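In: I'll drop the sequence and a predicted model, then ask my questions.
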Amino acid sequence: MGRPMAAGRPGLRHAVAALAFADYRRFAASLLLTSIGVQLLQTAILWQVFELTGSALLLGLTGLARAGPHMVLSLAGGVIADRANRVRLIQAGQVANAVLVIGLAALAFSGRLELWHVYAVTFLNASFSAITQPARAALIPSLVPGGNLVNAVALNATIGQTSQIVGPAVAGITIAALDLGATYALTGVAYLAAMIAILGIRRPAPRARMGESVWRSLAEGLAFVRRRSVILSLLALDLGETILGSYRALLPIFAAMLGVGASGFGLLSAAPGVGSLLGATFILSLGDMRYKGLYTVFGVLAYCGALVLLALSPWFALSLVAAGLLGTTNSVQMIPRNTAILAISPDSLRGRVEAFRSMFAGGGPPLGYTLSGGVAAALGAPAALVLGAIACTVLVGVVAARDRELRDPALGTPVAEPEPVAAAR
C-alpha cells in the first residue's frame, strides 16, 4: 500500500499523508466526483424550485424530501455495510443515482419537467445515498493505518468542501450559460466517473456472525452507541448546527434580496466551501490533535456567530465572508467529531455506528431546510437565521454542560483492538 507517513505529527507537510496509500487515492478521487455531483444536483434543484415557484416554503420542502430517506434507510444501510462488500455497494449506489439524474436531464431537455419530478428525484437520490453512505464512511479506516485516520477524515472533509466550491460555481455558470438540463446531465457523468474511480479497491465483505438476524445486528450497533453516550452528545452538537442553524435553502432568497441573481447564488453557495478548505487546512496542520470534543463545541458556537453575520449583512461582499466563515467553523467542528466517532467504533460495528451518524448527518440538514424555509415564510429569511443561531447556542451549552467526556483530552485517540485484517489485493 505504500510506506506510511508520519501523519500524527503537526505541520502542513503532513497534510496529505493519507494520499500515500493507493486505495485511499482511488477512494478520494471517487469521493471528489461524487461530492461534485451532489453539489451540482442540489444547487440545480434549489434554483429549479425557486424558478418554478418563488416559494421559501417549497424550497424548504426539498429538504424534507431528502430527510425522510436518510432517517429511514440509513440504519438499514449500516447493517448492509457490515455484511456486504462495501466497495460494490458504493458502486451500485453511484450507478443508480447516475441513471436517475440522467432521466431528470431528459425531462428538462424535453420541456416536460414538472415540480413533482424534482421532488421525486430528490427523494430517490437521497434514498440511494442513505443506503450507501455508511459503507463509504466505514471503509475509510481499512484504507489507511490508524495513525493516519485524522488525516484521512480531514482530507475527506477537504474533498467535500472543494466540491462545495466547484459544484455550486459550475452549476451557477452552467445554469446561466446553458440550462438546467445540461447541469443535470453533467451530474450524471460525475456519478458514473465516481463509480469507475474505485474499481481498483479490493476489500472483502465484513464477517457477519452466522445465523444473526438483521434486527439483532441492528440492535447490537444501537446498543454500542447507547453505551458510548459521548457519540450521542457529538451527534447532538452536529444536529444543533444542521437543523437549527440551517441556511442553504434560503440562499436563493438572500441572492434575490442582494440583487445578484443566479451567478451570485452560485457564489454564495460556493463560499462555505472556500471557508471549509481553510478550516480543514488548519485541522490538517494539527495532526492527531487532543480535545476533539472541545473543538466540536467551540466550532459550533463560532458557526452560530457566522450565521448571525450572514442574516444581518446588507452587502454581498460581507455575505460572502459570512458564508465562508460558516464553512470554516463547520470544518473545525466536523473533522474532530467524525474522527472521534470512527476511532471509538470497532470495525465489526463501524458500518452500523456510521449508519446511526449518517441518519442524522444526512437527515439533519434537509430537516433544517424545511425548518428554515417554514420560519422564513412566516418571519423572513434574516429572522429565521438569527432565531436558529440563538436556539443552536442554547443547545450547545446544555450538551456541553451535561457530558464531561466532551472535555476529555484523549477523546477519539486510536486504541489497539482486534479487528479483521484486510485481505491483500
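Out: Here it is on my side, so go on.
In: if I pick residue 304, what's in contact with it?
Out: 241, 245, 389, 390, 392, 393, 396 (CB atoms under 8 Å, 6 or more residues apart in numbering). Bear in mind the C-beta positions are built from the backbone N, C-alpha and C, glycine included.
In: Buried members of those into ChimeraX, please.
Out: To isolate the buried members of the contacts of residue 304 in ChimeraX, using 16 or more other CB atoms under 10 Å:
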select :241,245,389,392,393,396
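In: could the contacts of residue 304 go into JSON lines alongside secondary structure?
Out: Putting the contacts of residue 304 into JSON lines (DSSP: H, G, I helix; E, B strand; the rest coil) gives the following:
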{"residue": "241", "secondary structure": "helix"}
{"residue": "245", "secondary structure": "coil"}
{"residue": "389", "secondary structure": "helix"}
{"residue": "390", "secondary structure": "helix"}
{"residue": "392", "secondary structure": "helix"}
{"residue": "393", "secondary structure": "helix"}
{"residue": "396", "secondary structure": "helix"}
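In: Of the contacts of residue 304, which pair is most distant in space?
Out: 241 and 390 (13.2 Å; CB to CB).
In: element containing residue 184?
Out: For residue 184, the host element (DSSP states H and E) is helix 180-197.
In: Could I get the CA-only coordinates of that helix as PDB?
Out: What follows is helix 180-197, C-alpha atoms only, in PDB (Å, rounded to 0.1, in the frame of the first residue of the first chain):
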ATOM      1  CA  LEU A 180     -30.800  23.200 -16.000                       C
ATOM      2  CA  GLY A 181     -30.900  20.100 -18.300                       C
ATOM      3  CA  ALA A 182     -27.200  20.400 -19.000                       C
ATOM      4  CA  THR A 183     -26.500  20.700 -15.300                       C
ATOM      5  CA  TYR A 184     -28.400  17.500 -14.600                       C
ATOM      6  CA  ALA A 185     -26.600  15.700 -17.400                       C
ATOM      7  CA  LEU A 186     -23.200  16.800 -16.100                       C
ATOM      8  CA  THR A 187     -24.200  15.400 -12.700                       C
ATOM      9  CA  GLY A 188     -24.900  12.000 -14.200                       C
ATOM     10  CA  VAL A 189     -21.500  12.000 -15.800                       C
ATOM     11  CA  ALA A 190     -19.900  12.800 -12.400                       C
ATOM     12  CA  TYR A 191     -21.700   9.900 -10.700                       C
ATOM     13  CA  LEU A 192     -20.600   7.400 -13.400                       C
ATOM     14  CA  ALA A 193     -17.000   8.600 -13.200                       C
ATOM     15  CA  ALA A 194     -17.000   8.200  -9.500                       C
ATOM     16  CA  MET A 195     -18.100   4.500  -9.900                       C
ATOM     17  CA  ILE A 196     -15.200   3.900 -12.200                       C
ATOM     18  CA  ALA A 197     -12.600   5.500  -9.900                       C
END
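In: which residues touch it?
Out: 26, 29-34, 36-37, 40-41, 43-44, 47-48, 91, 94-95, 97-99, 101-102, 104-106, 108-109, 113, 170-171, 174-175.
In: isn't residue 38 right up against residue 163?
Out: Yes. With contact defined as CB atoms under 8 Å, residue 38 reaches residue 163; the gap is 7.0 Å.
In: Summarise which helices and strands whichever strand or helix holds residue 158 is packed against.
Out: Per DSSP H and E, residue 158 falls inside helix 149-177. Helices and strands touching helix 149-177, by 3 or more CB pairs under 8 Å, 6 or more residues apart in numbering; DSSP states H and E, are helix 22-53, helix 180-197, helix 261-286, helix 316-344.
In: Which of the residues in it are classified as buried?
Out: 149-172, 174-175.
In: any idea how far residue 161 is from residue 281?
Out: Residue 281 sits 10 Å away from residue 161, going by CB to CB, to the nearest Å.
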